[in-house]
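Student: return a 3D structure for these sequence lines:
(2 chains)
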Protein chains: 2
Amino acid sequence: MSETAARKAVVLLSGGVDSTTTLAIARNEGCEAYALTFRYGQRHSREIDAAGEVARYLGVARHVVLDIDLKSFGGSALTDDIEVPKGRGLSDIARDIPVTYVPARNTIFLSFALAFAETVGAQDIFIGVNALDYSGYPDCRPEYIAAFERMANLATKAGVEGRPFRIHAPLIAMTKAEIIRTGARLGVDYSLTTTCYDPSADGKACGRCDACLLRLEGFRQAGMEDPVPYTYKG
Amino acid sequence: MSETAARKAVVLLSGGVDSTTTLAIARNEGCEAYALTFRYGQRHSREIDAAGEVARYLGVARHVVLDIDLKSFGGSALTDDIEVPKGRGLSDIARDIPVTYVPARNTIFLSFALAFAETVGAQDIFIGVNALDYSGYPDCRPEYIAAFERMANLATKAGVEGRPFRIHAPLIAMTKAEIIRTGARLGVDYSLTTTCYDPSADGKACGRCDACLLRLEGFRQAGMEDPVPYTYKG
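Tutor: Below is the predicted model of the structure:
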């Protein structure tokens, strides 16, 4: 019997809707997935747990959780004690660079993904960035992804030796509703995912932070019920 | 009295000859320096101590030591227990990508430097890579540095808002002898620096690993005595 080696792919996995859907897409394309999650001073280790459950549910070859220190630099609501904005309009969310912006975050994430990929011999890296709902983040745009890929292929032994890396951002042009519909079609159980920037002690999503608002609107537009519990569902 | 704010710069500092000289160059250009050192499973915390001494000696505004985990991926003599090559010829060192190559290492380092720079409001990032002595490392070449800079300016709020980052690699075209002469002219005390991949228990450089061979040859060609102690000095 002959065996065909599966295409290996590193997938950045936070345990939210987007990265979970991205992992489902990579798996659906037949990739053997190496999931990579970061513990970076998020307020809630619940996110790490969610990523672990998602990784098990979707079946990965390996799941690495890396500690990285973004606190030593300061500067964001997701790592500092800046107030997370609540109850903004959806149009405000898309317009500005949010206070939840973390300097160079996706660049740091992709750099580790690149190291992981070269180490396990993967040429494909998947990241669940999305340019539509979060146009405010500069590191969620196609031109950024293309520039990272180009840099990656100059940076690495694999790249210069003719085994180039491809950075896949399959959600980049999708609405949140399209992302959710895609994931649902691929069998994603969104009850395992976590999104809220500021959940209650018993793990309910707040329903009012930017992330909750975008998620709820996405499920609404997809015509689906969001299976996670909320404190407030506007 | 009016005050002119000094130009802020993030400088990657390992405590070796190259990064120390790079910090001296940044300081000589009048930069207020934010030094960044990584603890990444090197065998010797001596390197971290050296970086701290160098930072104090050359005067920095802040010195951040970050823990990063490259061990979870495996794959290099500097983080694993692969044998460090000893007693090679200088021509062998320059030709191959060394086993001490760490996948995406400079990309990870520069990504954190970028986050640090954006957080403190610096637009200048200095890295002591050198394309001549270590032509084997893909992430020490000018085209890599240029691609990283381009990516960085698409990745960040500062970049897209017109405060572009510049990645400076002032040593990139220098020989080791030129680097050492430059540093000596700028008052660097090289007895504070550390280079060896495999020092003895009492802190003497081995004199036979690639890093020692390049260092010793550099001092020789610069017509200077290397002030650090060696077990073997060929």
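Student: does any part of the longest helix along chain A sit near chain B?
Tutor: Taking DSSP state H as the criterion, chain A has its longest helix at helix A:105-120. Yes: contact of helix A:105-120 with chain B (C-beta under 8 Å from any C-beta of the partner chain) involves A:105-108, A:110-112, A:114-116, A:118-120. (Each C-beta comes from the backbone N, C-alpha and C, glycine too.)
Student: ditto for stretch A:47-60
Tutor: No: Stretch A:47-60 lies out of reach of chain B by C-beta under 8 Å from any C-beta, never closer than 14.3 Å.
Student: can you list contacts of that stretch?
Tutor: Outside stretch A:47-60, the residues within contact range by C-beta atoms under 8 Å, 6 or more residues apart in numbering or on different chains are A:11, A:13-16, A:19-20, A:23-24, A:27, A:33-35, A:37, A:39, A:42, A:63, A:65, A:188-189, A:192-194.
Student: which one of the residues of helix A:105-120 next to chain B has the most neighbours?
Tutor: A:Leu110 (33 neighbours; other C-beta atoms under 10 Å in any protein chain shown).
Student: contacting residues around it?
Tutor: Contacts of A:Leu110 (C-beta under 8 Å, 6+ apart): A:12, A:125, A:127, A:148, A:152, A:167, B:111.
Student: which positions in stretch A:136-151 come out as buried?
Tutor: Buried residues in stretch A:136-151, counted by 16 or more other C-beta atoms under 10 Å in any protein chain shown: A:136-141, A:144-145, A:147-151.
Student: can you list which of these are found in strands?
Tutor: Among those, no residue falls in strands (DSSP state E).
Student: ok, so what distance separates A:Asp210 from A:Pro103?
Tutor: For A:Asp210, the distance to A:Pro103 (C-beta to C-beta, to the nearest Å) stands at 18 Å.
Student: please disregard the earlier target; I meant A:Asn153.
Tutor: A:Asn153 sits 24 Å away from A:Pro103, going by C-beta to C-beta.
Student: more neighbours: the two, which one.
Tutor: Between A:Asn153 and A:Pro103, counting by other C-beta under 10 Å, A:Pro103 is the more crowded of the two (25 against 21).
Student: where along chain A do the helices fall?
Tutor: In chain A, the helices defined using DSSP H lie at A:17-28, A:46-58, A:90-95, A:105-120, A:142-155, A:157-160, A:176-185, A:210-222.
Student: helices or strands up against the fifth one?
Tutor: Contacts defined by 3 or more C-beta pairs under 8 Å, 6 or more residues apart in numbering or on different chains; DSSP states H and E place helix A:142-155 against helix A:105-120, helix A:157-160, strand A:166-168, helix B:105-120, helix B:142-155.
Student: same check, this time on the shortest one
Tutor: Applying 3+ C-beta pairs under 8 Å, 6+ apart, we find helix A:157-160 packed against helix A:105-120, helix A:142-155.
Student: which stretch among the ones you listed comes nearest A:Ile172?
Tutor: The closest of the helices and strands packed on helix A:157-160 to A:Ile172 is helix A:142-155. By C-beta to C-beta, the value is 5.7 Å.
Student: what angle separates that closest one from helix B:105-120?
Tutor: Angle of helix A:142-155 versus helix B:105-120, following axes from the mean of the first three to the mean of the last three C-alpha atoms, to 10 degrees, is 140 degrees.
Student: restricting to C-alpha, output helix A:142-155 in PDB.
Tutor: Written as PDB, here are the backbone C-alpha positions of helix A:142-155 (Å, rounded to 0.1, in the frame of the first residue of the first chain):
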ATOM      1  CA  PRO A 142      -4.300  41.700   2.000                       C
ATOM      2  CA  GLU A 143      -1.300  43.900   1.200                       C
ATOM      3  CA  TYR A 144       0.100  43.200   4.700                       C
ATOM      4  CA  ILE A 145      -0.400  39.500   4.300                       C
ATOM      5  CA  ALA A 146       1.300  39.600   0.900                       C
ATOM      6  CA  ALA A 147       4.200  41.600   2.300                       C
ATOM      7  CA  PHE A 148       4.700  39.200   5.200                       C
ATOM      8  CA  GLU A 149       4.700  36.200   2.700                       C
ATOM      9  CA  ARG A 150       7.400  37.900   0.600                       C
ATOM     10  CA  MET A 151       9.500  38.700   3.700                       C
ATOM     11  CA  ALA A 152       9.100  35.100   5.000                       C
ATOM     12  CA  ASN A 153      10.500  33.700   1.800                       C
ATOM     13  CA  LEU A 154      13.600  35.800   2.100                       C
ATOM     14  CA  ALA A 155      13.900  35.100   5.800                       C
END
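Student: and that helix, what's its mean pLDDT?
Tutor: In this model, helix A:142-155 carries a mean pLDDT of 97.
Student: off-centre distance for it?
Tutor: How far helix A:142-155 lies from its chain's middle: 18 Å, per C-alpha atoms, centre = their mean, to the nearest Å.
Student: which residues outside it are in contact with it?
Tutor: In contact with helix A:142-155 (C-beta under 8 Å, 6+ apart) are residues A:106-107, A:110, A:114, A:127, A:129, A:131, A:138, A:159-160, A:164-167, A:169, A:172-173, B:104, B:106-107, B:138-139, B:141, B:143-144, B:147-148, B:150-151, B:154-155.
Student: show me the contacts for A:Ile179.
Tutor: A:Ile179 neighbours (C-beta under 8 Å, 6+ apart): A:17-18, A:21, A:130, A:171, A:218.
Student: output the longest strand belonging to chain A.
Tutor: In chain A, assigned by DSSP E, the strand with the most residues is strand A:32-39.
Student: what helices and strands are in contact with that strand?
Tutor: Contacts defined by 3+ C-beta pairs under 8 Å, 6+ apart place strand A:32-39 against strand A:8-12, helix A:17-28, helix A:46-58, strand A:62-67, helix A:105-120.
Student: state the pLDDT value of the closest residue in space to A:Gly203 that isn't next to it in sequence.
Tutor: What sits nearest to A:Gly203 in space, not counting adjacent residues and going by C-beta to C-beta, 6 or more residues apart in numbering or on different chains, is A:Arg46, at 6.2 Å. A:Arg46 is assigned 84 on the pLDDT scale.
Student: check the gap between A:Arg46 and chain B for me.
Tutor: According to C-beta to the nearest C-beta, to the nearest Å, A:Arg46 stands 21 Å off from chain B.
Student: same question for A:Val228.
Tutor: For A:Val228, the distance to chain B - C-beta to the nearest C-beta - is 29 Å.
Student: just A:Leu186 next, same as before
Tutor: Counting by C-beta to the nearest C-beta, the gap from A:Leu186 to chain B is 28 Å.
Student: might you report the residue contacts of the closest residue to that residue other than its chain neighbours?
Tutor: Once flanking residues are discounted, A:Leu186 sits nearest to A:Ala24: 4.2 Å by C-beta to C-beta, 6+ apart. A:Ala24 is in contact with A:58, A:182-183, A:186-188, counting by C-beta under 8 Å, 6+ apart.
Student: and with 10 Å instead?
Tutor: By C-beta atoms under 10 Å, 6 or more residues apart in numbering or on different chains, A:Ala24 lies in contact with A:11, A:33, A:54, A:57-58, A:170, A:182-189.
Student: and which of the residues you listed is nearest to A:Cys206?
Tutor: Distance to A:Cys206 across the contacts of A:Ala24 (C-beta to C-beta) is lowest for A:Val54, with 20.9 Å.
Student: follow-up on the earlier one: worst average pLDDT in the helices of chain A?
Tutor: Mean pLDDT is lowest for helix A:90-95 among those, at a mean of 58.
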